[in-house]
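**Student:** Sharing a model prediction with you, sequence too.
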Amino acid sequence: MKNTLLASLLKAKKTKADEIEEAIASYLRDVKSQNKKETEKFVSDLLVYVTQNVENIDKKTLLRIVEAKIQSLGYTLDTAALEALHEKAAAAAAAEVGAAFVFDQTDAQVLESMQRALVWMKEDGAANTQSRLKEIIAEAMEGEVRINDLGETLRAEFEGVIDESARYFQGVSDHVIRQSQSVTRIYQFEKAGVKEVKVIALIDKKTSAVCRSMHGRIIPIAVVKSQADAIMAAKSIEEKKAASRWQSAPIFGKLPSGVALPPYHFRCRTIVVAYFRQNVEIDGKNVNGSLLPGEKYKGNKEVIFSHIDKNFQREYVVTDKTFNHGGNPHNLSKKDIISGLNSIEKMALHREFPTRTVGYSSDKKLFYVFEDGEVVTVFDQRKKDYFKQNTDISTIESHSDAKKGEDNEKI
C-alpha cells in the first residue's frame, strides 16, 4: 500500500522538488547580488574617504579611522524569503509521505535556527572581509605606493574582495539553507511516523567521495533526528559545526559523530528521503527493499528484487540487466546474489569509474559493482581477484567497521 501511495505521489514530488530548487537558486542569486551591492557601496565610500584624506591626515591616524569605519560593514538577510523557503520544503516533505503540513512550534524553531545560523555566517563573512580590507589599506599606506596611485591600487584590490565576499556568502547561505531543509524533512517525516530514511546522492562525475559512499544508506530516523536536534540546539557557530561535521573521505562503515544528515560538505547536493521496507521472498530467500519484483526501474529495466545488504545497510536494486551485463551472461542464481549481499565483507570506491562503488562477499566469493543504487554486475571471484583489480585501495572499509557503525545506529 505504501509503495502504491509513493508511486502515485512521484510526479507531484518531482514538481515540488523542482519548485524548491528554483526558489533556492533565486534566493541565492538575490543574496549574492545584494551582498555585492552592499559591499561595493561600502568600499566605494571607503575609497573616496581614503583618497580625500590621505594628504590631510597622518597615515597612522587615517589607518585607525579607516579600521574603525570597516567594523561597521555588514549584510542584510531577507527573512521573508527564508520563511517562504522553509514552508515550501516542509510542505513538500509532508506531501512525500501523504501527510498535510501544519506550521507548528517545531517549524518555528527550525526557522529561527536557520536565521541564527545565517547571522553567524554573515558575521563570520563580514569579519573576514573587514580583515582583508584592513590588510589591503595598511599594506598600501605602509608601502611605496605614491599618493596619486593609492586610489587606483586600492580600487583594484577591493574588486577582488567584493567578488570573494559575494561568492562566500552565497556559498554559506546555500549550505545553511540545505541543512535546514534536511532538518525540516526529518521532523516532517517523524511527525508522519516514518521509521527510516535513505541517503540519496546525485550521482555524476562531480559527486564527492563521501556522497558516493553514503548513497543508498538506510539510517534509522532516531539517528538523523538526534543530529537534527543537536543542530537546532547549537548556541554558537562552533557548536553548530560540531553538530554537523564536513567530510571528504568515503564512509562505508561507522558513521562519525555529527555525520548522518546531509549536507556532508560545502555545496553538497545529497538529501535524505523517507524509506519504507517491503519484505518479499525470492527463491526461498527474504529480501527487504523498497521496490517489488516486476516494477520498472530507470525506464526500461525490470526489477528482479531490491534488498538492503546486511552488513553495510545500503539498498541495492537487482534488475534483468544485472544478469546480462554488457551482453555477457552471468550464471549466478538470485539466491546466490542475495546470500552475497547478506555477507559483503568489504566495500570501496571503484578505481576507474567515478560513479561506481564495489563490494566483496566473503560467503559466496562474489565481486559486486554498484552504481546509483543498482547492482550493475556480479562476478564469481573464486578464479580471479576482481575486487583487488578494480578497487581504490585507500577507500576500503571492512565488515568490522560496518558492524561498529551498525551498533552505533541502533538507538
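**Tutor:** Yep, it's here. Numbering: from 1, shown residues only.
**Student:** CA only for contacts and neighbour counts going forward, please
**Tutor:** Fine.
**Student:** Is it correct that T357 falls within a strand?
**Tutor:** Yes - when DSSP: H, G, I helix; E, B strand; the rest coil is applied, T357 is found to be in a strand.
**Student:** Now do the same contact list for it.
**Tutor:** R212, S213, M347, A348, L349, H350, V369, F370, E371 (C-alpha atoms under 8 Å, 6 or more residues apart in numbering).
**Student:** Just the ones of those residues in strands?
**Tutor:** The strands, defined by DSSP state E, take in M347, A348, L349, V369, F370, E371 from those.
**Student:** my read: F169 touches W120, true?
**Tutor:** No - contact status for F169 versus W120: not in contact, 11.2 Å apart, counting by C-alpha atoms under 8 Å.
**Student:** These two - which one has more neighbours?
**Tutor:** Comparing F169 with W120 by neighbour count (other C-alpha atoms under 10 Å), the higher total belongs to F169, at 23 against 16.
**Student:** does that one belong to a helix or a strand, and which?
**Tutor:** For F169, the host element (DSSP states H and E) is helix 147-191.
**Student:** Give me the secondary structure label for the closest residue to L63 other than its chain neighbours.
**Tutor:** Counting by C-alpha to C-alpha, 6 or more residues apart in numbering, L63 lies nearest to A138, which is 6.8 Å off, once chain neighbours are set aside. What three-state DSSP gives for A138 is helix.
**Student:** Quantify the burial of A138 by counting its neighbouring residues.
**Tutor:** Around A138 there are 18 other residues, counting by other C-alpha under 10 Å.
**Student:** Also E164?
**Tutor:** E164: 15 neighbours (other C-alpha under 10 Å).
**Student:** in this structure, what spans have low per-residue confidence?
**Tutor:** Applying pLDDT under 70 to the chain flags residues 1-15, 143-150, 325-330, 400-411.
**Student:** can I see the domain layout of it?
**Tutor:** 2-193, 209-273, 284-409 (automatic domain parsing).
**Student:** got a list of what T153 touches?
**Tutor:** Contacts of T153 by C-alpha under 8 Å, 6+ apart are A140.
**Student:** Can you give me the separation between it and M141?
**Tutor:** Note on T153: its distance to M141, by C-alpha to C-alpha, to the nearest Å, is 10 Å.
**Student:** Tell me which stretches of the stretch 151-300 of the chain form helices.
**Tutor:** Ranges of helices in the stretch 151-300 of the chain, per DSSP state H, counting those that start in this stretch, are 209-214, 221-233, 237-243.
**Student:** how close does the most centrally placed residue in the chain sit to K334?
**Tutor:** Closest to where the C-alpha atoms of the chain average out (C-alpha atoms, centre = their mean) is P263, at 2.7 Å. Remark: distance between P263 and K334 (C-alpha to C-alpha) = 36 Å.
**Student:** Mind giving me the packing neighbours of the helix or strand where K37 lies?
**Tutor:** K37 is part of helix 2-53, with elements assigned from DSSP H and E. The contact analysis (3 or more C-alpha pairs under 8 Å, 6 or more residues apart in numbering; DSSP states H and E) places helix 2-53 against helix 59-70, helix 79-96, helix 147-191.
**Student:** Using a markdown table, lay out the ones you listed together with distance to I221.
**Tutor:** Output for the helices and strands packed on helix 2-53, formatted as a markdown table (distance: least, C-alpha to C-alpha, whole Å):
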| stretch | distance to I221 |
| --- | --- |
| helix 59-70 | 46 |
| helix 79-96 | 14 |
| helix 147-191 | 7 |
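**Student:** Nearest to K134 among those helices would be which one?
**Tutor:** Nearest of the helices and strands packed on helix 2-53 to K134, taken as C-alpha to C-alpha: helix 59-70 at 6.1 Å.
**Student:** which parts of the closest one are buried?
**Tutor:** K59, L62, L63, V66, E67, I70 (16 or more other C-alpha atoms under 10 Å).
**Student:** Check whether the fourth one really touches L46, as I assumed.
**Tutor:** Translated: V66. Yes - using C-alpha under 8 Å, V66 is in contact with L46, at 7.5 Å.
**Student:** which residues are common contacts for those two?
**Tutor:** With contacts taken as C-alpha under 8 Å, 6+ apart, V66 and L46 have no neighbour in common.
**Student:** Count the neighbours of V102 for me.
**Tutor:** Using other C-alpha under 10 Å, V102 is surrounded by 12 other residues.
**Student:** In a helix, it, correct?
**Tutor:** No - V102 is assigned coil when assessed by three-state DSSP, not a helix.
**Student:** Could you check how far it is from E87?
**Tutor:** Noted for V102: a distance of 9 Å to E87, by C-alpha to C-alpha.
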